[in-house]
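> Predicted coordinates and the sequence they were generated for:
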Amino acid sequence: MAKTYRNFIAGEWVDSSTGRTFENRNPADTSDLIGRFPESGARDVAAAVRSARRGFELWRAVPAPARGDVLRRVGDLLVRHKEDLARSMTREMGKVPAETRGDVQEGIDTAYYAATQGRQLFGHVVPSELRSKWAMSYRRPIGVAGLITPFNFPLAIPTWKMFPALVCGNAVIIKPSEDVPHTVHRLVEILLEAGLPPEVIQLVHGGAEAGKALVDHPDVPLISFTGSTDTGSRIGETCGRMHKRLSLEMGGKNAMIVMDDADLDLALDGVLWGAFGTTGQRCTATSRLIVHRKVHDRFVRMVAEAAGSLRLGPGLDPSTDVGPLIHEASREKVERYVEIGQEEGAELVLGGRRPTGQRTKRGWFYRPTILAGVKPSMRIAQEEIFGPVLAVLRVGSFDEAVRVNNGVRYGLSSALYTRNVNLAFRAYQELDNGITYVNAPTIGAEAHLPFGGVKQTGNGHREGGWEVYEFYSETKVGYIDFSGSLQRAQIDNYAGSPT
Ligand code: NAD
């Protein structure tokens, strides 16, 4: 019988106050029930906040290098459990083990990076304009961090948020995606095993109701959200009204540009991985392929032939290239967009339907799909589909490719394939995204660099790298005057001066 899981609040594993649960099923085989998880509400969130406030008082007093030591032990445990975490993540989320191993590795990299950051949360010491006076700053923790995560990186995205939040000295409440609650359950177990004081971490399962209660709670001054732009916008309204610090990482409509001088075999590997890896369910997935007209027909033929031979199936089957979508609603959304695309005049080159056969009959599978003849104004060229659908647009020049790339409301990642070094640097400068890859696909961020997007993909903050540590800490400035007399800034040095 499938296990019933619990929240982790005030140092204990507890049922939700609502008494309700939801099911977590394998998207490749919906007869496989992974477990039942609590459908939490505002009372559970309130209990989590009360505990996290106590946890914060304790944790903020622990020196940052010692907080970093806990994260180093977390990294060690993730290394030890990498394979079992990857396999259970494939069962829960659907992507193939090569990708779930990568997901765990990103958590490992983030843990070890966080551990070193505990020894380098730099402040500044700068000269004061007055004698016998020091002027300096340091970074202090903020309080209870409310973290809300999506389904597509069940482990990596929670770690991007939790680890820097913890090293900076905050207490954490995490509300993971209701589609992948088991992976974060395991992650919290690992944090506790590594020696994190129990009240510093709270795990509240559930969906929109629990997420909204966390955002609405007045004692959670900091919210970090990754998910869809619609949900992020609603959260942004609340946080604006309540003066909360907020980091948003949202949707994308990422493009790969292939110029006429590109190495087409290299670009082919890139587009297959970018568009159909994770079944297109990456925020950085290649959703648009912008191809120079001189190589357009040839390249589209190459992509269609290769994508047509990708094998769909359960990720745990070693012969599988592409797993399922996360749930039926997601598959229906993909189907709707494929219909809309054809109604708008795009040509279906590949896929456009559910697969048939034994391997896929019990899961939410959809065939890799290519639509060509797409115009920049079409909905399939503008809106995030979040599935294995590639829209192909033909252009006549690099300038036109830049205009098409930039002509959407999102701005997460972009890629350019060319052998022309000038175009490579122009792309880095002119493509309106948070991340540009040259001769590599739109996916592949590394944990020690800032990650995020412009326009409606984000709100100016970044995950990852050094920048995220700014988000989870507040600058405190100190002036220490040891002159023994009143010194007035802006005044004493200028007394008697004509200006
Ligand atoms: P989603 O917006 O449906 O859900 C994300 C999280 O928000 C879940 O935990 C959900 O329970 C919670 N939630 C839902 N309604 C809420 C509310 N009213 N208040 C508070 N929380 C609420 O997104 P998803 O389907 O899980 O993930 C896919 C989306 O995430 C895509 O749009 C993708 O582009 C985006 N994404 C972005 C990045 C990035 O870094 N930019 C990374 C991964 C995914």
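Received, thanks.
> Is there any residue in stretch 226-243 that contacts the ligand?
Yes - Stretch 226-243 is in contact with the ligand by CB under 6 Å from any ligand atom, via T226, G227, S228, T231, R234, I235. Bear in mind the C-beta positions are built from the backbone N, C-alpha and C, glycine included.
> Of those residues, which pair is most distant in space?
Greatest spacing in these, by CB to CB: T226 and R234 (14.4 Å).
> more neighbours, the two?
Taking other CB atoms under 10 Å, T226 and R234 do not tie; T226 has more neighbours (25 against 16).
> Could you tell me which residues make contact with the residue in the chain positioned nearest to the ligand?
As assessed by CB to the nearest ligand atom, the ligand sits closest to G211 within the chain, at 2.3 Å. By CB atoms under 8 Å, 6 or more residues apart in numbering, the contact list for G211 reads I148, K175, T231, I235.
> Next, the buried residues of whichever strand or helix holds it.
Element membership of G211, judged by DSSP states H and E, is helix 208-216. Buried residues in helix 208-216, defined by neighbour count with 16 or more other CB atoms under 10 Å: E209, A210, G211, K212, A213, L214, V215.
> Is the second one in contact with R43, as I believe?
Spelled out, it's A210. No - the criterion here is CB atoms under 8 Å, and A210 misses it with R43 at 10.3 Å.
> Overlap in contacts, the two.
If you check A210 and R43 against CB under 8 Å, 6+ apart, no residue is contacted by both.
> Restricted to strands, list the contacts of G211.
Taking DSSP state E, the ones among the contacts of G211 that sit in strands are I148, K175.
> would you list the contacts of G211 in a markdown table and tack on pLDDT and neighbour count?
Output for those, formatted as a markdown table (pLDDT from 0 to 100; neighbours: other CB atoms under 10 Å):
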| residue | pLDDT | neighbour count |
| --- | --- | --- |
| I148 | 98 | 26 |
| K175 | 98 | 30 |
| T231 | 97 | 20 |
| I235 | 98 | 24 |
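> Return the residues of the stretch 101-250 of the chain in contact with the ligand.
The stretch 101-250 of the chain comes close to the ligand at residues 148-152, 175, 177-178, 207-208, 211-212, 215, 226-228, 231, 234-235, 249-250, as judged by CB under 6 Å from any ligand atom.
> can stretch 315-332 be found next to the ligand?
No - on the criterion CB under 6 Å from any ligand atom, stretch 315-332 is out of touch with the ligand, staying 7.3 Å away.
> In that stretch, which residues are buried?
G315, L316, T320, D321, V322, G323, P324, L325, I326, H327, S330, R331.
> Now do that stretch, average pLDDT.
For stretch 315-332, the mean per-residue pLDDT is 97.
> Please save the CA atoms from that stretch in CSV.
Coordinates of each C-alpha in stretch 315-332 appear next as CSV, following Å, rounded to 0.1, in the frame of the first residue of the first chain:
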residue,chain,number,x,y,z
GLY,A,315,12.2,7.1,-18.0
LEU,A,316,13.3,4.0,-16.0
ASP,A,317,13.4,2.0,-19.2
PRO,A,318,17.0,2.4,-20.5
SER,A,319,15.9,2.6,-24.2
THR,A,320,13.8,5.7,-23.5
ASP,A,321,14.8,9.1,-24.9
VAL,A,322,11.7,11.2,-24.0
GLY,A,323,9.5,10.7,-21.0
PRO,A,324,5.9,11.8,-20.4
LEU,A,325,4.4,15.2,-19.6
ILE,A,326,3.7,15.9,-16.0
HIS,A,327,-0.1,15.4,-16.1
GLU,A,328,-3.1,15.2,-18.4
ALA,A,329,-3.9,18.9,-18.2
SER,A,330,-0.5,19.6,-19.5
ARG,A,331,-0.9,17.2,-22.4
GLU,A,332,-4.3,18.8,-23.2
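> Residues contacting that stretch, please?
Contacts with stretch 315-332, where a contact means CB under 8 Å, 6+ apart, come from 27-28, 87, 90-91, 93-97, 99-100, 151-152, 179, 276, 278-279, 281, 310-314, 334, 354, 359-360, 363-366, 368, 386-388.
> just curious, which of the buried residues of helix 208-216 is nearest to V14?
Using CB to CB, these come closest to V14 at A210, 13.8 Å.
> Within range of the ligand, give me the residues from the stretch 351-499 of the chain.
So the stretch 351-499 of the chain meets the ligand at E384, F386, L412, G453, T457 (CB under 6 Å from any ligand atom).
> before we move on, back to that, filter the buried residues of stretch 315-332 down to just the ones in helices.
Among the buried residues of stretch 315-332, the members found in helices (DSSP state H) are S330, R331.
> Just send the buried residues of stretch 315-332 back as a markdown table, with distance to V349 too.
A markdown table is the format used below for those (distance: CB to CB, whole Å):
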| residue | distance to V349 |
| --- | --- |
| G315 | 26 |
| L316 | 30 |
| T320 | 23 |
| D321 | 19 |
| V322 | 17 |
| G323 | 22 |
| P324 | 22 |
| L325 | 20 |
| I326 | 25 |
| H327 | 27 |
| S330 | 22 |
| R331 | 20 |
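> how is the protein carved up into domains?
3-250+458-477, 254-438 (automatic domain parsing).
> right, and Q487 touches Y479 too?
No - applying CB under 8 Å as the test, Q487 and Y479 come out as separate, 9.8 Å apart.
> Give me the more crowded residue out of those two.
Q487 (17 against 12).
> now the longest strand along the chain, how far from the centre of its chain.
Criterion DSSP E: the longest strand present in the chain is strand 29-38. Per CA atoms, centre = their mean, to the nearest Å, the displacement of strand 29-38 from the mean C-alpha position of its chain is 24 Å.
> got the phi/psi numbers for S377?
Backbone torsions for S377, taken as degrees, to the nearest 10, come to phi -80, psi -10.
> my read: I443 touches G280, true?
No - applying CB under 8 Å, one finds I443 not in contact with G280, separated by 10.5 Å.
> The two: which is more packed in?
G280 (24 against 21).
> Run through the residues that contact the more buried one.
S287, I385, F386, G387, P388, V389 are the contacts of G280 under CB under 8 Å, 6+ apart.
> okay, now the fourth one: neighbour count?
Going back to what we said before, that points to G387. Using other CB under 10 Å, G387 has 24 neighbouring residues.
> Does the residue nearest the centre of the chain belong to a helix, a strand or coil?
Centroid-nearest residue in the chain, with CA atoms, centre = their mean: I157, separated by 4.9 Å. Three-state call for I157 (DSSP: H, G, I helix; E, B strand; the rest coil): helix.
> how about low-confidence regions in this structure?
Applying pLDDT under 70 to the chain flags residues 498-499.
> so what secondary structure elements neighbour the biggest helix by length in the chain?
Ranked by residue count, the top helix of the chain under DSSP H comes out as helix 97-117. Here helix 97-117 touches helix 64-80, helix 82-93, helix 156-167, going by 3 or more CB pairs under 8 Å, 6 or more residues apart in numbering; DSSP states H and E.
> and the angle from that helix to helix 156-167?
10 degrees (axes from the mean of the first three to the mean of the last three CA atoms, to 10 degrees).
> Could I get the buried residue list for helix 97-117?
97, 99-115, 117.
> one step back: buried ones among the contacts of stretch 315-332?
27-28, 90-91, 93-97, 99-100, 151-152, 179, 276, 278-279, 281, 310, 312-314, 334, 359-360, 363-366, 368, 386-388.
> Inside strands: which ones of these?
Those of the buried ones among the contacts of stretch 315-332 lying in strands (DSSP E): none at all.
> Compute the first-to-last residue distance for stretch 456-469.
22 Å (CA to CA, to the nearest Å).
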